[in-house]
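K.L.:
Predicted model and sequence below, questions to follow.
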Amino acid sequence: MHETVAASPWSPATVVPVARGTTSTPLPGDPNTRFGDMYVIDDPLTEGPSATSPAVGRAQGFYLFLSQHELAAMHYLSLVFTAGRYNGSYIVIQGRDTIPAKVRELPVVGGVGRFRGATGYGLLRMHSFDSTTKNAVLKIDMYLNNMK
Amino acid sequence: MHETVAASPWSPATVVPVARGTTSTPLPGDPNTRFGDMYVIDDPLTEGPSATSPAVGRAQGFYLFLSQHELAAMHYLSLVFTAGRYNGSYIVIQGRDTIPAKVRELPVVGGVGRFRGATGYGLLRMHSFDSTTKNAVLKIDMYLNNMK
Amino acid sequence: MHETVAASPWSPATVVPVARGTTSTPLPGDPNTRFGDMYVIDDPLTEGPSATSPAVGRAQGFYLFLSQHELAAMHYLSLVFTAGRYNGSYIVIQGRDTIPAKVRELPVVGGVGRFRGATGYGLLRMHSFDSTTKNAVLKIDMYLNNMK
């Protein structure tokens, strides 16, 4: 999951702000983020962490900073596959991302196509983070049951 | 599902924009829609496609254009029944709507009342679309398990 | 669930508006609320209704007024536990809150940690409401299956 906050000539931003919280105090650890901020994302998904690793799909959805005192966001996300045996199928996940934590568990709430009726969870980890641009590479491992 | 974008004296708009994406490029096929746009809807649900067909409830929720390169939205929707044997019950669905596709599958993520514990999916199809007003009639067929 | 709309020196607001509907007519029963309004919340959860009752966690998420003719909101909410045997676990609920109703049923859509794979529902009731400040204390009873 390749999240590009700062656009460059060869890579457009994959995240856009759509709403801003109205409190005056930023969250701890990030002076530009406030309780209530909302972002929409469409991040490329690749097999491995390199940007040139084969594309498997997109992570599309939004996240919301919903904690007053912590740098924590809620993800409302679909993992949409565009290649391989899951091409055309997607998983819906919805869960909390306590950003400083090493591993974040996100429950699966639904699925479509080959993931119809699937249950389970994902484990999200930061692979790399550029503190200047805020661009990030995230790793997500999915554990699924009841697949077709 | 009767979606009225353009209000008329006999029919108010059933969809309102609440947030706008900040990218400058519109999505393919619609010059007025951008990545990140968010709309809240409260559409009448009727048995058949005619506006005078018996009312069964409302489709209430929001959708978000979450693809950078495709005219695709994510629905976060409740189908709330206000008549018949499901009066007072509702189903929660959450899924991706690739607008040019003929059939879109949307997973059920929860239910209440007679739909408590229900699982399954819906198939969404465009029944008719007025390209001038953008008003649309959509058909949704629900396939449910574990009902009371 | 302690919702503080009006901040005071000893208690900050736990709810912030992030988006506004664009219709001109307010909803019945509340001249300040319109179809499409969206709020982000981070409310303290305590064992009992008193603000000095032991803290058990936070209710974090957002709600959206998604009915054109009723004072009804949709909750997209996590109950995050920060104390006791569920410390570090959370439940995701998503459901409709018809505000004048005595009891509102909200389906569980997912869970994490000790709530991994949990299904069920919550019953939400207003415990007390201050009509001047709009501060509210809400009671939520959870009924869960498939817990670890």
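P.N.:
Nice, thanks for sending it over. Numbers count the residues shown, from 1 in each chain, chains lettered A, B, ... in the order given.

K.L.:
any low-confidence regions in chain A?
P.N.:
By pLDDT under 70, the low-scoring segments of chain A are A:6-12, A:148.

K.L.:
need the residues of chain A near chain B, please.
P.N.:
A:12-14, A:16-19, A:38, A:40-42, A:58, A:60-62, A:76, A:78, A:80, A:90, A:92, A:94, A:109-113, A:116-117 (Cβ under 8 Å from any Cβ of the partner chain). In short, each C-beta sits where N, CA and C put it, glycine included.

K.L.:
Now with 6 Å, please.
P.N.:
Proximity of chain A to chain B (Cβ under 6 Å from any Cβ of the partner chain) is limited to residues A:16, A:18-19, A:40, A:42, A:60-61, A:78, A:92, A:109-112.

K.L.:
Switch those residues over to JSON lines; also include distance to A:His2.
P.N.:
JSON lines is the format used below for these (distance: Cβ to Cβ, whole Å):
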{"residue": "A:Val16", "distance to A:His2": "15"}
{"residue": "A:Val18", "distance to A:His2": "20"}
{"residue": "A:Ala19", "distance to A:His2": "24"}
{"residue": "A:Val40", "distance to A:His2": "16"}
{"residue": "A:Asp42", "distance to A:His2": "11"}
{"residue": "A:Gln60", "distance to A:His2": "13"}
{"residue": "A:Gly61", "distance to A:His2": "15"}
{"residue": "A:Ser78", "distance to A:His2": "16"}
{"residue": "A:Val92", "distance to A:His2": "20"}
{"residue": "A:Val109", "distance to A:His2": "24"}
{"residue": "A:Gly110", "distance to A:His2": "24"}
{"residue": "A:Gly111", "distance to A:His2": "23"}
{"residue": "A:Val112", "distance to A:His2": "23"}
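
K.L.:
just checking, which of the residues you listed belong to helices?
P.N.:
Nothing among the residues of chain A next to chain B maps onto helices, per DSSP state H.

K.L.:
Give the closest residue to the residue in chain A positioned nearest to chain B in space, chain neighbours not counted.
P.N.:
Residue nearest to chain B within chain A (Cβ to the nearest Cβ): A:Gly110, separated by 3.1 Å. Excluding its sequence neighbours, the residue lying closest to A:Gly110 (Cβ to Cβ, 6 or more residues apart in numbering or on different chains) is B:Pro107, at 3.1 Å.

K.L.:
what's the burial count for the one you found?
P.N.:
B:Pro107 sits with 27 neighbouring residues when counted by other Cβ atoms under 10 Å in any protein chain shown.

K.L.:
And the helix or strand harbouring it, what does it pack against?
P.N.:
According to DSSP states H and E, B:Pro107 maps onto strand B:104-112. Where contact means 3 or more Cβ pairs under 6 Å, 6 or more residues apart in numbering or on different chains; DSSP states H and E, strand B:104-112 is packed against strand A:104-112, strand B:90-98, strand B:119-129, strand C:104-112.

K.L.:
So A:Thr22 is in contact with C:Ala19, correct?
P.N.:
No. In this structure A:Thr22 lies outside contact range of C:Ala19 using Cβ atoms under 6 Å: 10.8 Å.

K.L.:
picking up where we left off before, hey, C-alpha coordinates of the strand holding B:Pro107 in PDB?
P.N.:
The C-alpha coordinates for strand B:104-112 follow below in PDB (Å, rounded to 0.1, in the frame of the first residue of the first chain):
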ATOM      1  CA  ARG B 104     -22.600  -4.100  -9.000                       C
ATOM      2  CA  GLU B 105     -22.400  -6.400  -6.000                       C
ATOM      3  CA  LEU B 106     -22.700  -4.800  -2.600                       C
ATOM      4  CA  PRO B 107     -22.000  -6.800   0.600                       C
ATOM      5  CA  VAL B 108     -24.400  -6.700   3.600                       C
ATOM      6  CA  VAL B 109     -22.500  -5.800   6.700                       C
ATOM      7  CA  GLY B 110     -25.300  -5.800   9.300                       C
ATOM      8  CA  GLY B 111     -29.000  -5.700   9.900                       C
ATOM      9  CA  VAL B 112     -31.600  -4.800  12.600                       C
END
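
K.L.:
Using the three-state scheme, assign the residue located most distally from the centre of chain A.
P.N.:
Residue farthest from the centre of chain A, counting by Cα atoms, centre = their mean, is A:Ser24 at 26.0 Å. Here A:Ser24 is coil, with the state taken from DSSP: H, G, I helix; E, B strand; the rest coil.

K.L.:
ok, it - contacts?
P.N.:
Under the criterion of Cβ atoms under 6 Å, 6 or more residues apart in numbering or on different chains, A:Ser24 has no neighbours.

K.L.:
phi, psi of it?
P.N.:
Main-chain dihedrals, A:Ser24, degrees, to the nearest 10: phi -100, psi -10.

K.L.:
which bits of chain A sit near chain C?
P.N.:
Residues of chain A lying near chain C (Cβ under 6 Å from any Cβ): A:19, A:21-23, A:36, A:66-68, A:94, A:96, A:105, A:107, A:109.

K.L.:
Quick check on those: which are buried?
P.N.:
Listed as buried from these are A:Ala19, A:Gly21, A:Thr23, A:Gly36, A:Leu66, A:Ser67, A:Gln68, A:Gln94, A:Arg96, A:Glu105, A:Pro107, A:Val109; burial here means 16 or more other Cβ atoms under 10 Å in any protein chain shown.

K.L.:
I'd guessed the fifth one sits against A:Met74; true?
P.N.:
This points to A:Leu66. Yes. Using Cβ under 6 Å, A:Leu66 is in contact with A:Met74, at 5.2 Å.

K.L.:
Bridging across strands, which residues link to A:Ala136?
P.N.:
A:Glu3, A:Phe129 (DSSP bridges).

K.L.:
Let me see the contact set for the residue of chain A found nearest chain C.
P.N.:
Going by Cβ to the nearest Cβ, chain C is nearest to A:Pro107 of chain A, at 3.1 Å. By Cβ under 6 Å, 6+ apart, A:Pro107 lies in contact with A:Gly95, A:Tyr121, C:Gly110, C:Gly111, C:Val112.
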